[in-house]
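Asks: let's see this in three dimensions:
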Amino acid sequence: MSRAAAPRRLGLISLGCAKNLVDSEVMLGHLAAGGWRFVRDPGEADVLVVNTCSFIGPAREESIQAILEAAEYKKKGRLQRLIVTGCLVQRYASELQRELPEVDAFVGLDQLDRIVEAAEPGAASPTAALPVWHRSSYLYDDRSPRRRATPPWTAYVKIAEGCDHTCSFCPIPSFRGSFRSRQPDSILREARRLAEEGVREINLIAQDSSHYGRDLQRKDALAELLDELDRIEQLRWVRVHYLYPNTITKRLLETMARGRRIVDYVDLPLQHAHPDTLRRMRRGGSAFSHLRLLSEVREIMPAVALRSTFIVGFPGETESEFEALLGFVRTVRFDHLGVFTYSHEDGTSAAGLEDDVPEALKQERRDRLMECQQRIAFERNHEWLRQRVEVLVEGAHADTEHLLVGRMSRQAPDVDGQVLINEGAADPGDFVTVELVETAGYDLVGRIVGPT
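Replies: As a prediction, the model looks like this:
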């Protein structure tokens, strides 16, 4: 077969969050329908797509580095065309077009359905053919073509796009646009189709999932949606990410606690605990209000796994403000925690503040907070020893074939710890009962004692 008759080969590098990954999967769906064949090795691709992240400085640096590395395949591989998509394009389109002549096309967040056009040899110039607007308005639905990049048993479902909050540190509304919910029927059709395809775990994502439906004038829309998802028999776990503390309702928590398939997992990015820092962040609240909310969560869901994220080094953060955050984390004893150092971002109101916490001090505070959380996480892991739990097996360990790797329902994919299985056999995608026998840092070790 001649090269001209061979299937066209496409590679994709997806950076950033799970919401970005769903965008990548939608683009892959369009490309597959357009006759493109996906290859995992970028060196084998005729066309390479880099889907970028632009949330904070380090993410932008990673994206630029990935673009430059991808461009090298034009020199040493078969690569003919390089396409850059995603948040970085939506935010800095003109600068990228000027500074990166190696790139053949730029595709913004509202042009995912034009990725096939961009991939074609000799496509029109990015500026003329693929215009980019500053604030996105696109929202995919169940009719959007999609080729999943996750394992067959798990999937992300984006229930909304954009954000209406005005957090002073966050640029996302300036390029992802205002909050817009998908219609419930569209989400349910997608979830049922995924379940029919063999998906057993669905992770619901949005910038603020607990705000879901309020733009549709429906206050408890997320609770209603979870009730419907809980009726899909083929599903085993439904997990909700990114609940905003001001939009969590008692009905939502009670729905999560009651659901057979809704896992006891609450992921709420609190960002800080000192009222003065939170006020400068335009977040509101305090350690007291956070503790009151988390107490209600644990009262309604006693077995809940709590995840949060915090920012250290925000402008004006004093040592006493940081110590208040440290004390708050010690008191709450989160199961999972992420910590970011503050990044001064164009287009945010915090950009007008003096970035007065030195980088070295930001890093030191991050390290101190993570060391505190590490001790808590290790202690909480010890509480699981000798218990029998349901585990979703995901395959062999990356470093040794003698260990299987899996997750409990309280461990989300990619961001939390894992269960290492050193005794027993199972296939990827199986749910098994595991007896936990020891700890391994953030991970737990166990042996399979039977099916679930």
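
Asks: give me the number of residues near L404?
Replies: Per other CB atoms under 10 Å, the neighbour tally for L404 reads 26. Just so you know, the C-beta spots here come from the backbone N, C-alpha and C atoms, and that holds for glycine as well.

Asks: how close does the closest residue to it other than its chain neighbours get to A303?
Replies: Spatial nearest neighbour of L404, excluding adjacent residues (CB to CB, 6 or more residues apart in numbering): I421 at 3.9 Å. Remark: distance between I421 and A303 (CB to CB, to the nearest Å) = 22 Å.

Asks: so these two - more neighbours on which side?
Replies: More crowded of I421 and A303, by other CB under 10 Å: I421, with 23 against 11.

Asks: isn't there a strand covering that one?
Replies: Yes. Checked against DSSP: H, G, I helix; E, B strand; the rest coil, I421 lies within a strand.

Asks: report the contact partners of it.
Replies: By CB atoms under 8 Å, 6 or more residues apart in numbering, the contact list for I421 reads V391, V393, L403, L404, V405, G406, V434, V445, G446, R447, I448.

Asks: could you flag which of those residues are buried?
Replies: Buried subset of these (neighbour count, 16 or more other CB atoms under 10 Å): V391, V393, L404, V405, G406, V434, V445, G446, I448.

Asks: and those, which two are furthest apart?
Replies: Greatest spatial distance among the buried ones among the contacts of I421 (CB to CB): V393 and V445, at 14.1 Å.

Asks: in the sheet, who's paired with D267?
Replies: Beta-bridge partners for D267, by DSSP bridges, are R307.

Asks: isn't it right up against I248?
Replies: No. The criterion here is CB atoms under 8 Å, and D267 misses it with I248 at 11.0 Å.

Asks: so where is the chain shaky, pLDDT-wise?
Replies: Residues of the chain meeting the criterion pLDDT under 70: 1-7, 123-133.

Asks: how is it partitioned into domains?
Replies: Domain ranges of the chain: 3-129, 154-382, 388-451, per automatic domain parsing.

Asks: endpoints of the shortest one, how far apart?
Replies: For domain 388-451, the separation between the terminal residues is 11 Å (CA to CA, to the nearest Å).

Asks: V107 and A118, how far apart?
Replies: V107 is 5 Å from A118, by CB to CB.

Asks: between the two, which one's more packed in?
Replies: Taking other CB under 10 Å, V107 and A118 do not tie; V107 has more neighbours (27 against 24).

Asks: ok now do that one, which residues does it touch?
Replies: The contact partners of V107, by CB under 8 Å, 6+ apart, come to M27, I83, V84, T85, V89, R114, I115, A118, P126, L130.

Asks: V437 belongs to a helix?
Replies: No. Counting by three-state DSSP, V437 is not found in a helix; it is strand.

Asks: can you flag which of the contacts of I421 belong to helices?
Replies: With DSSP state H as the criterion, helices contain none of those.

Asks: got a markdown table for the domains of the chain, with distance to Y138 too?
Replies: A markdown table is the format used below for these (distance: least, CB to CB, whole Å):
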| stretch | distance to Y138 |
| --- | --- |
| domain 3-129 | 4 |
| domain 154-382 | 7 |
| domain 388-451 | 24 |
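
Asks: please identify which of the ones you listed is closest to Y140.
Replies: Of all those, domain 3-129 comes closest under CB to CB, at 5.3 Å.

Asks: run a quick neighbour tally on the closest residue to L270 other than its chain neighbours.
Replies: Counting by CB to CB, 6+ apart, S308 is the residue found nearest to L270 once chain neighbours are left out, at 4.9 Å. Neighbourhood size, S308 [other CB under 10 Å]: 24.

Asks: for M301, see how far away S308 is.
Replies: For S308 relative to M301 (CB to CB), the value is 15 Å.

Asks: before we move on, what about A324?
Replies: Taken as CB to CB, the span from A324 to M301 is 26 Å.

Asks: what sits against the closest residue to T249 other than its chain neighbours?
Replies: Nearest residue to T249, sequence neighbours excluded (CB to CB, 6+ apart): D220, at 6.3 Å. For D220, the contacting residues are G213, T249, R251, L252, by CB under 8 Å, 6+ apart.

Asks: same question, D335
Replies: Neighbouring residues of D335 by CB under 8 Å, 6+ apart: A305, L306, R307, A377, R380, R410, D416.

Asks: can I assume Y156 is in contact with E201?
Replies: No. With contacts counted by CB under 8 Å, Y156 stays clear of E201, the gap being 9.8 Å.
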